[in-house]
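In: Task: produce atomic coordinates for the following.
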Amino acid sequence: CTLKSHIESDAHRRKASWAEQPAGGAGGSGATSAGGSGATSDATSSAAPRAQVTKSYPAPELPYLAMVPEDESDLTTARWPKCLLCNKWCQDEVSHSGTHSNPQGSKDHQKNLRNYFPGMPWYEENVTQVRH
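Out: Residues are numbered from 1 along each chain as shown. Purely as a prediction, here's the structure:
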């Protein structure tokens, strides 16, 4: 399969047409492509749905996780969960989990849970203020 044959395939056309739909379109998810470039060349048409999508992200349940824009200098880009204790993107449900009293997740994350918690100056500056 060559790139040209892939782009000309019906499967690619269906996926590309879905990605071009505005938020709330087919499927109702309003999601944009993870690549962030959008499928259209008109910057204004692709920016409007993205802004709507980023405004609807709920805060994660754990207090040290935040939905952070993939490009922190552009708040309209898609948001992804990030662990503010470790300053790392969450790649799964396990590596950045647990609480101060019940540390779980990766070795480094568990260390951060034990060492930093609400009320500490570092935690307030790097977690609480960033999340809010």
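
In: use CA for all of it now, contacts and neighbours both
Out: Will do.

In: Show me the strands in the protein, by range?
Out: For the chain, the strands defined by DSSP state E occupy 65-69, 79-83, 88-89.

In: Specify the stretch among these that is closest to residue 4.
Out: Residue 4 lies closest to strand 79-83 among the strands of the chain, at 31.4 Å (Cα to Cα).

In: Can you tell me the strand partners of the closest one and which way each runs?
Out: In the sheet, strand 79-83 lines up against strand 65-69 (antiparallel), strand 88-89 (antiparallel) (DSSP bridges).

In: what about the last one, average pLDDT?
Out: Strand 88-89 shows a mean pLDDT of 94.

In: From residue 82, how far off is residue 98?
Out: 14 Å (Cα to Cα, to the nearest Å).

In: Then residue 104?
Out: Distance from residue 104 to residue 82, by Cα to Cα: 16 Å.

In: do the same with residue 71
Out: From residue 71 to residue 82 the distance is 12 Å (Cα to Cα).

In: ok, these two, which is more surrounded?
Out: The residue with more neighbours, out of residue 71 and residue 82, is residue 82; 21 against 12, by other Cα atoms under 10 Å.

In: what's near enough to touch the more buried one?
Out: Residues near residue 82 by Cα atoms under 8 Å, 6 or more residues apart in numbering: 65-68, 88-90.
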